[in-house]
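[1] Predicted model, plus sequence, below.
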Amino acid sequence: MQSILKILFYNSDHYILNVLILALYFIMSYVAFKMLFPSCCNKVKKRISNDDERNHRPLCAIVSGCSSGIGLATLKAIYKDTDLELIGLDVVEVDGKEIFQEFITDDASSEGLDRRFTSFKCDVTKDKDLKKVYDFLIGNDYAVDVLICCAGITRTGPLMELSANQIQKVMDINVMGVHRCVKAFFGCMQRGSIVVPILSEIAYAMQSSAFNAAYSMSKFALQAYVIALRQELSLVGVQVKGVYPGAIATKLSMNHTTDMTIQHIENNKTLFKNPLLQFIDASKSYIHKMAKEPKYVANEIVKICLYENPNKNILVNVSIMMKILKYLPEAVMDYGAGIMLRGADEWNDDEYVRGTHPSIINKKLDIRGGWGDRRLIFDEIYTKLHSREDGFRISNVDLRETLPARFFQQ
């Protein structure tokens with residue numbers, strides 16, 4: 001700092017300019033510090049609770065996807081650190097006494113659990129299930145203080161080998177499920193209520209990756225939904241705060257992502273066997289090195305429940321790499337993905353990479369592109385692929401007309 005002051009004020013002829021430069025330096029330092037450590041710069045102000053005399057209706061928190069992962073950790077944290085009534089939604093039965101066993105010490109605490117926690121077997125893609133929950137809220141005169149949307153699924157695999165229904169299911173739960181929940185319970189919210197959708201660091205950085213497109217698409221769409229919802233509901237006093245977790249040790253990230261990819265390789269005849277194996281290795285390496293427990297996300301959600309927080313986006317364990325990629329050109333991400341998924345430079349000509357459908361050809365295709373230069377030998381490819389004198393045809397599409405000539409090696 002002393003060296004900076006000496007440089008700035010060495011020439012007294014430009015005293016005013018030097019003062020402006022110094023002020024700019026402090027402003028930029030503050031902005032950088034606030035971006036890196038947002039929670040340190042916020043004024044803590046407690047929100048209204050059930051004990052507040054200004055509140056005339058019992059307040060509740062609704063958590064979807066509460067049987068595991070972030071949803072389960074959030075239920076426990078809210079039960080422990082707040083006085084809110086709890087309503088859990090999940091597609092499987094949730095036993096409150098099993099979930100909150102660590103908090104039950106006597107009969108009184110057991111009775112308190114029965115009073116504070118209610119679970120519903122509820123599919124967030126079905127309006128009739130959500131209507132039952134809404135009727136319960138109205139019947140008990142509950143005001144929804146916080147709605148936390150944790151329900152979500154993933155689907156991995158090459159886009160050309162995923163069916164439209166598989167991708168649609170991810171969108172229905174991860175995006176439309178959030179919309180259905182917000183719309184169903186909006187009538188029970190009051191001024192100051194908060195909607196907390198769980199997004200992902202990939203939505204924060206707007207960076208997708210090969211073989212994870214279905215999940216990324218859903219989070220990108222949810223990001224757009226959250227921005228619009230925040231702007232609309234702010235007009236009626238309801239807040240929307242997106243939570244962006246990075247690597248979190250949940251079943252979805254630790255098991256489902258890799259298990260689905262392995263099943264895709266075993267049960268389908270894929271064109272991308274080697275890159276998929278590289279994708280599994282990269283995913284496991286990243287998750288096991290970077291993952292934190294779901295309680296870290298739950299603690300941030302509890303802070304949202306308890307205190308006024310001016311931040312609209314809450315980042316939890318978002319990697320430095322994602323923060324950097326947010327501002328880098330897409331070509332950098334594409335180059336990195338190519339390196340990560342390329343795998344071995346040379347493939348054995350005797351190794352067969354199966355296609356997606358049972359028609360057989362004996363041609364060798366020399367693929368050059370995102371995966372690097374390599375030779376793939378297909379023994380089975382698309383259903384309606386036929387060998388003809390004038391080229392290869394998929395249904396009515398002539399591959400020789402649609403692909404560059406270098407893709408075919410005679």
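    Structure's in. What do you need?
[2] Outline the domain layout of the chain.
    Following automatic domain parsing, the chain resolves into domains at 2-36, 47-336, 364-409.
[3] Now find how far off-centre the second one is within its chain.
    Computed by CA atoms, centre = their mean, to the nearest Å, the chain-centroid distance of domain 47-336 equals 8 Å.
[4] Mind checking the pLDDT average for that domain?
    Domain 47-336 carries an average pLDDT of 89.
[5] Quick check: bridge partners of the closest residue to E85 other than its chain neighbours?
    Leaving aside its sequence neighbours, E85 sits nearest to C60 (CB to CB, 6 or more residues apart in numbering; 3.9 Å). C-beta: built from backbone N, CA, C; applies to glycine. Judged by DSSP bridges, the bridge partners of C60 are E85, V144.
[6] quick one: C60 from Q166, how far?
    The gap separating C60 from Q166 is 35 Å, by CB to CB, to the nearest Å.
[7] Tell me which of those two has more neighbours.
    C60 (23 against 13; other CB atoms under 10 Å).
[8] element containing L24, please.
    In this assignment (DSSP states H and E), L24 forms part of helix 15-36.
[9] Can you say which of the domains of the chain is packed in most?
    Among the domains of the chain, ranked by average contacts under mean count of other CB atoms under 10 Å, first place goes to domain 47-336 (a mean of 18).
[10] Identify all contacting residues around the longest strand anywhere in the chain.
    The residue-count maximum for a strand in the chain (DSSP state E) belongs to strand 189-197. Identification of contacts with strand 189-197 by CB atoms under 8 Å, 6 or more residues apart in numbering yields 47-48, 57, 143-149, 178, 182, 222, 225-226, 229, 233, 236-243, 301, 304-305.
[11] Report all helices and strands that whichever helix or strand comes after it contacts.
    Next in sequence after strand 189-197, counting helices and strands by DSSP H and E, comes helix 201-205. Helix 201-205 sits against helix 213-233, strand 242-245, strand 313-316, helix 320-325, with contacts defined as 3 or more CB pairs under 8 Å, 6 or more residues apart in numbering; DSSP states H and E.
[12] now do 6 Å
    If you count contacts as 3 or more CB pairs under 6 Å, 6 or more residues apart in numbering; DSSP states H and E, helix 201-205 packs onto helix 213-233, helix 320-325.
[13] Tell me which of those sits nearest to A77.
    Closest to A77 of the helices and strands packed on helix 201-205 is helix 213-233 (CB to CB; 21.7 Å).
[14] Name the residues that touch that closest one?
    Taking contacts as CB atoms under 6 Å, 6 or more residues apart in numbering, the residues outside helix 213-233 that touch it are 154-155, 159, 167, 170-171, 174-175, 197, 199-200, 202-203, 208, 240, 242.
[15] Just give me the closest of those to G88.
    Nearest to G88 among the contacts of helix 213-233 is P197, at 16.9 Å by CB to CB.
[16] give me every residue that touches the residue nearest to the closest one when sequence neighbours are not counted.
    Computed as CB to CB, 6+ apart, the closest residue to P197 that is not its neighbour in sequence is C149, at 4.7 Å. Applying CB under 6 Å, 6+ apart, we find C149 in contact with S64, V178, C181, P197.
[17] can you tell me which of the residues you listed are in helices?
    V178, C181 (DSSP state H).
[18] Same list, the contacts of C149, but as TSV with distance to K323 please.
    Formatted as TSV, the contacts of C149 follow (distance: CB to CB, whole Å):
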residue	distance to K323
S64	28
V178	24
C181	29
P197	20
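[19] hey, where'd the strands end up in the stretch 1-150 of the chain?
    45-46, 59-64, 85-90, 117-121, 143-149 (DSSP state E, counting those that start in this stretch).
[20] now those as a markdown table including distance to V133?
    Below are the strands of the stretch 1-150 of the chain laid out as a markdown table (distance: least, CB to CB, whole Å):
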| stretch | distance to V133 |
| --- | --- |
| strand 45-46 | 28 |
| strand 59-64 | 8 |
| strand 85-90 | 7 |
| strand 117-121 | 5 |
| strand 143-149 | 10 |
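[21] Quick one: closest of those strands to N309.
    Comparing those by CB to CB, strand 45-46 comes nearest, at 8.9 Å.
[22] closest one to M333 among the strands of the stretch 1-150 of the chain?
    Nearest of the strands of the stretch 1-150 of the chain (CB to CB): strand 143-149, 27.7 Å.
[23] Which helix or strand lies directly C-terminal to the closest one?
    By DSSP H and E, the next helix or strand past strand 143-149 is helix 164-171.
[24] For that following helix, name the packing helices and strands.
    Applying 3+ CB pairs under 6 Å, 6+ apart, one finds that helix 164-171 contacts helix 213-233.
[25] pull the CA atoms of the helix it packs on into PDB?
    Provided in PDB are the C-alpha atoms of helix 213-233 (Å, rounded to 0.1, in the frame of the first residue of the first chain):
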ATOM      1  CA  ALA A 213     -26.600 -32.400 -22.200                       C
ATOM      2  CA  ALA A 214     -30.100 -33.400 -20.800                       C
ATOM      3  CA  TYR A 215     -29.300 -32.300 -17.300                       C
ATOM      4  CA  SER A 216     -27.500 -29.200 -18.500                       C
ATOM      5  CA  MET A 217     -30.500 -28.200 -20.700                       C
ATOM      6  CA  SER A 218     -32.800 -28.500 -17.800                       C
ATOM      7  CA  LYS A 219     -30.700 -26.300 -15.600                       C
ATOM      8  CA  PHE A 220     -30.200 -23.700 -18.300                       C
ATOM      9  CA  ALA A 221     -33.900 -23.600 -18.800                       C
ATOM     10  CA  LEU A 222     -34.400 -23.400 -15.000                       C
ATOM     11  CA  GLN A 223     -32.000 -20.500 -14.900                       C
ATOM     12  CA  ALA A 224     -34.100 -18.500 -17.400                       C
ATOM     13  CA  TYR A 225     -37.200 -19.400 -15.500                       C
ATOM     14  CA  VAL A 226     -35.700 -18.300 -12.200                       C
ATOM     15  CA  ILE A 227     -34.600 -14.900 -13.600                       C
ATOM     16  CA  ALA A 228     -38.100 -14.200 -15.000                       C
ATOM     17  CA  LEU A 229     -39.800 -15.500 -11.900                       C
ATOM     18  CA  ARG A 230     -37.700 -13.300  -9.700                       C
ATOM     19  CA  GLN A 231     -38.600 -10.200 -11.700                       C
ATOM     20  CA  GLU A 232     -42.300 -11.000 -11.700                       C
ATOM     21  CA  LEU A 233     -42.700 -12.000  -8.100                       C
END
